[in-house]
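> Take a look and give me a structure for this.
(one chain, ligands or ions: 2)
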Amino acid sequence: MRPEKTTALCVDIQNLEYAWTNGERALSVRHFTIQQGERLFLQGPSGSGKSTLLGVIAGVFAPTSGEATVLGNPFHAMPAAARDRVRADAMGVVFQQFNLVPYLNLVENVLLPCRFSRRRAERVGPSESARINKAQELLSRLGLDDEAQANRPAAELSVGQQQRVAAARALIGSPSLIIADEPTSALDAETRDTFIETLLSEARNAAVLFVSHDASLSRHFDRLVAMENINFTQDQHVLSIPEDALSPAEA
Ligand SMILES: Nc1ncnc2c1ncn2[C@@H]1O[C@H](COP(=O)(O)OP(=O)(O)OP(=O)(O)O)[C@@H](O)[C@H]1O
Ligand SMILES: [Mg+2]
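Ligands and ions are numbered 1, 2, ... in the order given. Okay, the predicted model is just below:
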């Protein structure tokens, strides 16, 4: 078996630029790192690029330029399929839109990462029944222990319930990095606190990158980072106006 790659940093971003296909520059991040095992709370206004940054770190989006090294893997130099493999093996991701498979039930959704990664399945348990037990245990810890509910398709769940299934799916199989984009937006205060405590205790030694508009949740984390302190798209935009775009009086 190939040895796991090791690096001192979990995430190492240098001179990252990300522009959408329409040319809009969403990210211009000179330097951003996450230590292994660090719990980081990322904050910023709507549209400031949080989900885009998480997408680059998760390997969903390739940097337009610059470097994004994640768990020792140079994502800027890897094809999408290789980035997908790293995500399947070693990351748990709760996307802002959850991305549950609507016709699968709760346990089947939680076990999806094990279908994509044998390594991950083996970390959960030696047999399918052991893995189902672990999925049920995670769901139960997140307050979804109603047996009647467990067999319902995800499409029939409330938004808050879907968020918790997505969290259980992210946690299964001991990922090294957990990325959670607004995972508590539909939860009431009490469920939210249980959710964060469960997420962080189940994450064990994993690094956690957590996005929320709710600043009160930052108390659970090691470090708070504001997007405006790391993402300088506006400055970059001004600096990058080509000279021939200026009128003769300005040039
Ligand atoms: N698929 C896309 N194609 C083109 N532009 C996009 C796309 N997704 C997002 N954007 C743009 O990228 C910028 C950053 O969006 P992003 O979703 O990263 O913000 P955000 O900080 O996560 O916001 P929110 O708090 O509302 O979730 C926005 O200006 C948005 O309009
Ligand atoms: Mg977002």
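> can I assume R115 sits in a strand?
No - assessed with DSSP: H, G, I helix; E, B strand; the rest coil, R115 is helix; it does not lie in a strand.
> I'd like to know how far it sits from S176.
19 Å (C-beta to C-beta, to the nearest Å). Glycine gets a C-beta too; all of them are placed from N, C-alpha and C.
> Between the two, which is the more surrounded one?
Neighbour tally, R115 and S176, criterion other C-beta atoms under 10 Å: the higher count belongs to S176, 20 against 11.
> wait, what's in contact with the residue nearest to that one when sequence neighbours are not counted?
Computed as C-beta to C-beta, 6 or more residues apart in numbering, the closest residue to S176 that is not its neighbour in sequence is A90, at 4.8 Å. Going by C-beta atoms under 8 Å, 6 or more residues apart in numbering, A90 touches 71, 175-177.
> What about these, which are in strands?
Cross-referencing the contacts of A90 against strands under DSSP state E gives L177.
> Of the contacts of A90, just say which sits nearest to Q36.
Within the contacts of A90, the smallest distance to Q36 is 7.5 Å, found for S176 (C-beta to C-beta).
> residues in contact with the closest one?
Neighbours of S176 in contact, by C-beta under 8 Å, 6+ apart: 10, 36, 71, 90-91, 205-207.
> Tell me how far it lies from ligand 2.
23 Å (C-beta to the ion, to the nearest Å).
> phi, psi of that residue?
phi -90, psi -20 (degrees, to the nearest 10).
> all strands for the protein, in order.
9-19, 25-35, 39-43, 65-70, 73-74, 91-94, 177-181, 207-211, 223-226.
> still on that earlier bit, nearest to S51, out of the contacts of S176: which one, please.
M91 (15.4 Å).
> can you count the residues close to the closest one?
M91: 23 neighbours (other C-beta under 10 Å).
> So it sits against A58, correct?
Yes - counting by C-beta atoms under 8 Å, A58 is a contact partner of M91 at 6.3 Å.
> Name the residues contacting each of these two.
With C-beta under 8 Å, 6+ apart, M91 and A58 have common neighbours I179.
> Quick check, the residue in the protein closest to ligand 2?
Taking C-beta to the ion, ligand 2 has its nearest neighbour within the chain at S51, 3.1 Å off.
> can I get the strands of the chain in CSV with distance to I132 and mean pLDDT?
Formatted as CSV, those follow (distance: least, C-beta to C-beta, whole Å; pLDDT from 0 to 100):
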stretch, distance to I132, mean pLDDT
strand 9-19, 30, 98
strand 25-35, 32, 97
strand 39-43, 29, 97
strand 65-70, 30, 98
strand 73-74, 30, 98
strand 91-94, 18, 96
strand 177-181, 22, 97
strand 207-211, 25, 97
strand 223-226, 36, 97
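> Adding distance to A189 as columns, could you present those strands in a markdown table?
Shown next, in a markdown table, are the strands of the chain (distance: least, C-beta to C-beta, whole Å):
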| stretch | distance to A189 |
| --- | --- |
| strand 9-19 | 30 |
| strand 25-35 | 28 |
| strand 39-43 | 17 |
| strand 65-70 | 33 |
| strand 73-74 | 38 |
| strand 91-94 | 19 |
| strand 177-181 | 18 |
| strand 207-211 | 17 |
| strand 223-226 | 20 |
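> Those: which one's closest to ligand 1?
strand 25-35 (3.9 Å; C-beta to the nearest ligand atom).
> Excluding covalently adjacent residues, which one is nearest to Q36?
Once flanking residues are discounted, Q36 sits nearest to C10: 4.7 Å by C-beta to C-beta, 6+ apart.
> how near is the one you found to Q162?
27 Å.
> the more surrounded of these two?
Set C10 next to Q162 and count neighbours by other C-beta under 10 Å: C10 wins out with 24 against 21.
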